[in-house]
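Participant: Coordinates for the following, if possible.
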Amino acid sequence: MTSETRSGIPPEHDHEEPESPKVSFGEFLKARRAALDKSQRQMGLKSGHLSQIESGAIPKVSPFTLLELAEVYEFSLSELVNSATIDEELVTSARAILIGEAVMGLSESDRQAIVEPLHIEGVF
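Facilitator: Down below sits the predicted model:
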């Protein structure tokens, strides 16, 4: 007879896989840049600014800067949220900017067809 926990699951199977701990936003960027095998200068942005962000001296960036970093460091916002500790409001704002940019290229009727079901006021 095997021993079971209260849940009825044998002890060797009664555990969840631990989630990978999230790293800071700066550590995420630094590791990402290393994976791209690029120096800060090769990233195409001001290396002093990148250095401050990667070191944590600048802990929070604007949504526009976040989108620029996502493009340069080649990561998706979803990947960032799953891997790094980041302000969810910042990511939400960045996603809203992306949606706005995508929708602006559409006709007025197409924009309304997309925006109205989302119940977002004051977008257009």
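
Participant: any chance you could map the helices in this protein?
Facilitator: Under the criterion DSSP state H, the chain contains helices at 25-35, 47-55, 63-73, 77-83, 88-104, 108-115.

Participant: Mean pLDDT, distance to Arg41 and mean neighbour count added to these, as TSV?
Facilitator: All C-beta atoms are positioned from the backbone trio N, CA, C, and that covers glycine. Formatted as TSV, these follow (pLDDT from 0 to 100; distance: least, C-beta to C-beta, whole Å; neighbours: other C-beta atoms under 10 Å):
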stretch	mean pLDDT	distance to Arg41	mean neighbour count
helix 25-35	90	11	18
helix 47-55	87	5	16
helix 63-73	86	12	17
helix 77-83	81	23	15
helix 88-104	81	25	14
helix 108-115	77	40	13
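
Participant: who's in contact with the closest residue to Leu98 other than its chain neighbours?
Facilitator: Excluding its sequence neighbours, the residue lying closest to Leu98 (C-beta to C-beta, 6 or more residues apart in numbering) is Leu67, at 6.9 Å. In this structure, Leu67 makes contact with Ala94, Ile97, Leu98, judged by C-beta atoms under 8 Å, 6 or more residues apart in numbering.

Participant: Might you report the residue contacts of the nearest residue to the first one once chain neighbours are set aside?
Facilitator: In space, and not counting its chain neighbours, Ala94 is closest to Pro63: 4.2 Å by C-beta to C-beta, 6+ apart. With contacts taken as C-beta under 8 Å, 6+ apart, Pro63 has the following neighbours: Leu90, Ser93, Ala94, Ala96, Ile97.

Participant: cool, Asp87 as well?
Facilitator: Taking C-beta under 8 Å, 6+ apart, we find Asp87 in contact with Lys60.

Participant: Kindly report the same for the one 4 residues further on.
Facilitator: Applying C-beta under 8 Å, 6+ apart, we find Val91 in contact with Leu66, Leu77, Leu80, Val81.

Participant: hmm, back to that, TSV please, covering the contacts of Pro63 and showing distance to Ser47.
Facilitator: Converted to TSV, the contacts of Pro63 look like this (distance: C-beta to C-beta, whole Å):
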residue	distance to Ser47
Leu90	23
Ser93	26
Ala94	23
Ala96	29
Ile97	25
